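[1] Any chance you could fold what I've pasted below:
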Amino acid sequence: MRFAAAVLRGYEDPFAVEEVILGSGPADGEVLVRIAGCGLCRTDLAVRRSAGRSPLPAVLGHEGAGVVVETGGPDTGLRSGDHVVLSFDSCGRCRSCLGGAPAYCDRFAALNLFGGRAGNAARFTDTAGEALAPRWFGQSSFAAYAMVPARNAVPVDPSLPLELLGPLGCGFLTGAGAVLNSFGAGPGDTVAVFGAGAVGLAAIMAAGAAGALAVAVDRHPERLAQAERFHAIPLDAASADLPGRIRRLTGGGAQYALDTTGSARLINDALRALRPTGHLGLVARLHTVLPLEPGALDRGRKISHICEGDAVPALLIPRLAGLWQAGRFPFDQLIRTYPLADINEAERDCDAGRVVKPVLIP
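    Model prediction:
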């Protein structure tokens, strides 16, 4: 079949929306999905800085949602017409997957980041017959259609606005999962969130849904205003004695902190803003050595990296959708939609901070 997709051919090139070819139908355990919408995530854009580790040309996109149009084999658990949100890929067989931690799959990098699945790779090409790197995060969903493992396609209520649901598969899942899964935050807890982008604002919404108090730290006034609308206490990242201000606001320090910025200064501020035994989670990839200030990890404080919100997508995605239906996780307020043909405008707006979460509509 032939359909439109946004192809990235060079690390510094713009996306080109062009016709691509899928040479065969679903294999066992796969489903073909007609994409209704796909979020643009900074992980997609980070391919430009991957120093050649991510093979090109490729179709990126890993926050897709759509309708199943064909299934492969009898055991997918899905049927034609099902509405699904697509999430990250995992093998389902390693110790982490079997232990309910697919985000820490032994094959996570191979399946999601470096070209995707090896099986049937040559069937996805451009019109000249050149192979396109398949299955970015098990999806490659900057396209009208995506061939995906049934394992990472999560059924959702067909009454939901399908074209907006894709970010529940990664960005919103990461922020909300950090609060609900990794921290297990609840009433009476405090969560300081450093960076009020898509992941950080999802964490703030989840904290509110869990009954916890959230403090939002960012340098952009409009992002702080958005966080305040979600009932977080806003603090400018340039504030003098930022850790001290957070400790005073939270009655002795935050129990949890989430850093989405990767800034060494803010990570140290976050640690010093914690109460004794507090937990700091990092979701941004660090590209340099992280120096920790003396005393930052004293008194039982700890720091860990959190991948994909410690989520089992089949459990967390329906939970977040249910919270949205109940008015407690208004993620749609963060979204601006663009036609797939305007993907380069969406990227520019994302880089400039003019939009929190772009969603591309094929």
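[2] Could you pull up the contacting residues of the closest residue to Val59 other than its chain neighbours?
    Distances taken as C-beta to C-beta, 6 or more residues apart in numbering put Ser140 closest to Val59, at 4.0 Å, once the chain neighbours are dropped. To be clear about C-beta, it is placed using only N, CA and C from the backbone, and glycine gets the same treatment. Each residue near Ser140 by C-beta atoms under 8 Å, 6 or more residues apart in numbering is listed here: 5, 58-61, 116, 124, 132-134, 146.
[3] And those residues, which of them are buried?
    Restricting the contacts of Ser140 to buried positions leaves 5, 58-61, 116, 124, 132-134, 146, with burial counted as 16 or more other C-beta atoms under 10 Å.
[4] Tell me the one among those nearest to Leu323.
    Of all the buried ones among the contacts of Ser140, Leu323 sits closest to Gly61, with 24.8 Å by C-beta to C-beta.
[5] The residue lying closest to the closest one once chain neighbours are set aside: neighbouring residues, count only.
    Leaving aside its sequence neighbours, Gly61 sits nearest to Phe142 (C-beta to C-beta, 6+ apart; 3.4 Å). For Phe142, the neighbour count with other C-beta atoms under 10 Å is 29.
[6] do the same with Asp298
    Other residues within reach of Asp298 by the criterion other C-beta under 10 Å amount to 10.
[7] which of the contacts of Ser140 has the weakest pLDDT?
    pLDDT across the contacts of Ser140 is lowest for Gly116, at 58.
[8] quick one, what contacts the residue nearest to Gly61?
    Residues near Phe142 by C-beta under 8 Å, 6+ apart: 5-6, 15, 38, 44, 59-61, 340, 343, 360.
[9] could you pull out the strands for the stretch 51-200 of the chain?
    When assigned using DSSP state E, counting those that start in this stretch, the strands of the stretch 51-200 of the chain occupy the ranges 58-59, 64-71, 83-86, 124-126, 145-149, 153-155, 190-194.
[10] which parts of stretch 340-349 are buried?
    Counting neighbours by 16+ other C-beta under 10 Å, the buried set in stretch 340-349 is 340, 342-343, 346-347, 349.
[11] err, stretch 154-163, not the other one
    Under the neighbour-count criterion of 16+ other C-beta under 10 Å, stretch 154-163 has 154-156, 160, 162-163 buried.
[12] Test my guess that Ala257 contacts Arg275.
    No: applying C-beta atoms under 8 Å as the test, Ala257 and Arg275 come out as separate, 10.1 Å apart.
[13] Looking at the two, which one has more neighbours?
    Per other C-beta under 10 Å, whichever of Ala257 and Arg275 has more neighbours is Ala257, with 31 against 18.
[14] any idea how far the more buried one lies from Phe108?
    Ala257 is 25 Å from Phe108, where distance means C-beta to C-beta, to the nearest Å.
[15] Equivalent analysis for Val193, please.
    25 Å.
[16] The stretch 251-362 of the chain: strands as residue ranges?
    254-259, 274-282, 302-305, 335-339, 357-361.
[17] Redo those as TSV? Include distance to Tyr11 and mean pLDDT.
    What follows is the strands of the stretch 251-362 of the chain, written out as TSV (distance: least, C-beta to C-beta, whole Å; pLDDT from 0 to 100):
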stretch	distance to Tyr11	mean pLDDT
strand 254-259	27	98
strand 274-282	26	97
strand 302-305	26	96
strand 335-339	22	98
strand 357-361	20	98
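[18] Gly92 is nearest to which of these?
    Taking C-beta to C-beta as the measure, the strands of the stretch 251-362 of the chain were each checked against Gly92, and strand 302-305 came out nearest at 22.4 Å.
[19] Return the list of helices and strands in contact with the closest one.
    Contact partners of strand 302-305 among helices and strands, from 3 or more C-beta pairs under 8 Å, 6 or more residues apart in numbering; DSSP states H and E: strand 274-282.
[20] how about 10 Å then?
    On a contact count with 3 or more C-beta pairs under 10 Å, 6 or more residues apart in numbering; DSSP states H and E, strand 302-305 meets helix 264-272, strand 274-282.
[21] Now do the buried residues in the first one.
    Neighbour-count burial for helix 264-272 flags 264, 266-272 (criterion: 16+ other C-beta under 10 Å).
[22] Of those, which is the nearest to Asp28?
    Each of the buried residues of helix 264-272 was checked against Asp28 using C-beta to C-beta; the closest is Ile267, at 44.4 Å.
[23] From Arg49, how far out is that closest one?
    With the distance defined as C-beta to C-beta, Ile267 ends up 20 Å from Arg49.
[24] you'd agree Trp324 is up against Pro167?
    No: using C-beta atoms under 10 Å, Trp324 is not in contact with Pro167; the gap is 11.4 Å.
[25] quick one, which of those two is more surrounded?
    Pro167 (32 against 21).
[26] Which residues lie in contact with the nearest residue to that one once chain neighbours are set aside in this structure?
    Once its chain neighbours are removed from consideration, Pro167 has its nearest residue in Gly39; the separation is 3.8 Å (C-beta to C-beta, 6+ apart). With contact set as C-beta atoms under 10 Å, 6 or more residues apart in numbering, Gly39 has these partners: 61-65, 141, 164-172, 198, 334-335, 346, 357-360.
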